[in-house]
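Participant: Curious how this folds, go ahead:
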Amino acid sequence: MKQITLKSSLVCLMIILGTVISARAQPENVPKLTERPLERTSYVELAKEWKAYMERNGESAHGLVNLGMAYEYSGEMDAALAAGRRAVDIAPDDPEALAYLGKLLSKYENDADSALEYLRRSRQIAPENGSVLTTIAVIHDKQGLWTESQQVYKTIFDQNVLPRPLQDFGYNLLVGLPEGAVLITNGDNDTFAPLALQAGMNLRPDIAVVNRHLLNLEDFTDALFERYPGIRPQGNIEPEGELSRSNTILKRMVEDTRIAVYFAPTVAFGQLGFEPELNVEGLNLRAAPKGLGAEESARLYLDTYRLDSATDWTIAWDLTPALARMISNYVSSMVRIAMDDELSAGTKRALLDQAMDIAQFHDMTRLIYILKKLEET
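Facilitator: Residues are numbered from 1 along each chain as shown. Okay, the predicted model is just below:
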């Protein structure tokens, strides 16, 4: 009887301890969109979990930042800002809280002065946080402050903020372009990398790297066309019909035969509002007229581009799925080049071998299937 009582007591104790541990367990950190985007319902659930966790265990800057990110990614901007401000209120010297509030104020409130104040304080406390630098650089870009943004991009390069595969991706975006071309980019990674290399290495400063979203901002375009006057399209650049200002400018650039316009492969072409005629040239897509032929495009991959880091096993690829997805652009563009009838048999063989090495390393199932079919032809 005593044994049964003792056993029952132990079971009850284990249940109680398990309940306490479960109650105190910290929820999953909200992943950044650039790392691992989730479904909206997942962010809603994470917001509930972080809110409940802090109701049980008390507020913390880290918890409020996670709560704010969950609100932000689920579309609750006011709640995200409230969480960010509360995080700084209770922990005014917490670098994570300062950085997050600075980003929110810049992105959603258009309050550059306050954002820079918080971001610079965060950087003073935690100078190793590279994401703060990229946010500061974007603010300067939006303001049209070319000199200031270039200084920040140089610091990003000097401090190795960007991982090597991303640096190499930026290098490959730039190195094969003709003199004075325009490179249209889409997001953070494909924009920061070439700009950091331009500022830090003086690599291809003749190329105008243009994030398409920033073309909506007059301060940015004024500074852009002042620095690169040859890329300003002729005629009116104000919004045309249903096109946004940025897409109107892009359409005008593409239509202006004086300007060599290239799109990074990461650009979402369905969002442009018009359909440019595009030709594959190495990693990039050139708006007509065509420049390089298939053989020359293939030689960029075989002789010019930096690709070793794309299959570097020392990199934690599982923890950076967005970076791994970016690498898939190499294989996709090599597939398109290999399908060109003008490509010689020997070059095609070498190109497909290189593409297969990258595809198999990253287990790109669909692309591996396509590559095998191309090898059979």
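
Participant: By average pLDDT, which secondary structure element in the chain comes out worst?
Facilitator: Least confident helix or strand of the chain, by mean pLDDT, DSSP states H and E, is helix 2-24 with a mean of 50.

Participant: quick one: the helix or strand that it is followed by to chain centroid distance?
Facilitator: Next helix or strand after helix 2-24 toward the C-terminus (DSSP states H and E): helix 40-57. With CA atoms, centre = their mean, to the nearest Å as the basis, helix 40-57 stands 26 Å off its chain's centre.

Participant: Give me the contacts around helix 40-57.
Facilitator: If you take CB atoms under 8 Å, 6 or more residues apart in numbering as the criterion, helix 40-57 is touched by 23-24, 26-28, 30, 38, 60, 63-64, 66-67, 70-71, 73-76, 79. No exception for glycine: its C-beta is placed from N, CA and C like everyone else's.

Participant: between the next helix or strand after that helix and helix 40-57, what angle do the directions make?
Facilitator: Next helix or strand after helix 40-57 toward the C-terminus (DSSP H and E): helix 61-73. Orientation of helix 61-73 against helix 40-57 (axes from the mean of the first three to the mean of the last three CA atoms, to 10 degrees) gives an angle of 150 degrees.

Participant: just checking, what packs against helix 61-73?
Facilitator: Using 3 or more CB pairs under 8 Å, 6 or more residues apart in numbering; DSSP states H and E, the elements in contact with helix 61-73 are helix 40-57, helix 77-90, helix 95-108.

Participant: To Met326, which of the ones you listed lies closest?
Facilitator: Ranking those by proximity to Met326 (CB to CB) places helix 95-108 first, at 21.6 Å.

Participant: who does the helix or strand just after that closest one touch, helix- and strand-wise?
Facilitator: Remark: after helix 95-108, the chain's next helix or strand is helix 112-125, criterion DSSP H and E. Packed against helix 112-125 by the contact rule (3+ CB pairs under 8 Å, 6+ apart) you find helix 95-108, helix 130-143.

Participant: May I see these organised as a markdown table, with mean pLDDT, mean neighbour count and distance to Thr347 added?
Facilitator: As requested, the helices and strands packed on helix 112-125 are exported to a markdown table (pLDDT from 0 to 100; neighbours: other CB atoms under 10 Å; distance: least, CB to CB, whole Å):
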| stretch | mean pLDDT | mean neighbour count | distance to Thr347 |
| --- | --- | --- | --- |
| helix 95-108 | 96 | 23 | 45 |
| helix 130-143 | 94 | 22 | 38 |
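
Participant: Low-confidence regions, the stretch 101-250 of the chain specifically.
Facilitator: By pLDDT under 70, the stretch 101-250 of the chain has no low-scoring segment.

Participant: now the strands for it?
Facilitator: Applying DSSP state E, counting those that start in this stretch to the stretch 101-250 of the chain gives strands spanning 182-185, 208-211.

Participant: Partner strands of the first one, with direction?
Facilitator: Counting by DSSP bridges, the strands paired with strand 182-185 are strand 208-211 (parallel), strand 261-263 (parallel).

Participant: what's the longest one in contact with?
Facilitator: Right, strand 208-211. So strand 208-211 is contacted by 141, 174, 181-187, 191, 194-195, 198, 224, 227-228, 231 (CB under 8 Å, 6+ apart).

Participant: what residues are up against Ser332?
Facilitator: Neighbour list for Ser332: 265, 367 [criterion: CB under 8 Å, 6+ apart].

Participant: Check the secondary structure at it for me.
Facilitator: helix (DSSP: H, G, I helix; E, B strand; the rest coil).

Participant: mind checking how far it is from Gly68?
Facilitator: 35 Å (CB to CB, to the nearest Å).

Participant: which ones are touching Pro27?
Facilitator: 46, 49-50, 53, 66.

Participant: For these, work out which two are farthest apart.
Facilitator: Comparing every pair within the contacts of Pro27 by CB to CB identifies Leu46 and Tyr53 as the most remote, at 10.2 Å.

Participant: Have a look at the two and say which one is more surrounded.
Facilitator: Neighbour count, other CB atoms under 10 Å: between Leu46 and Tyr53, Leu46 has more, with 23 against 19.

Participant: In PyMOL, how would I select the buried members of the contacts of helix 40-57?
Facilitator: Buried members of the contacts of helix 40-57, defined by 16 or more other CB atoms under 10 Å, are picked up in PyMOL with:
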select buried, resi 27+30+38+60+63+64+66+67+70+71+73+74+76+79
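
Participant: So Leu285 lies in a strand, does it not?
Facilitator: Yes. Assessed with three-state DSSP, Leu285 lies in a strand.

Participant: shouldn't it be in contact with Leu272?
Facilitator: No. If you go by CB atoms under 8 Å, Leu285 and Leu272 don't touch, sitting 12.0 Å apart.

Participant: ok, for His62, nearest residue in space, not its chain neighbours?
Facilitator: Spatial nearest neighbour of His62, chain neighbours left out: Glu96 (6.3 Å); criterion: CB to CB, 6 or more residues apart in numbering.

Participant: which residues sit in contact with that neighbour?
Facilitator: If you count contacts by CB under 8 Å, 6+ apart, then Glu96 has 61-62, 65, 87, 122, 126 around it.

Participant: Mind checking which of those are buried?
Facilitator: Buried subset of those (neighbour count, 16+ other CB under 10 Å): 61-62, 65, 87, 122.
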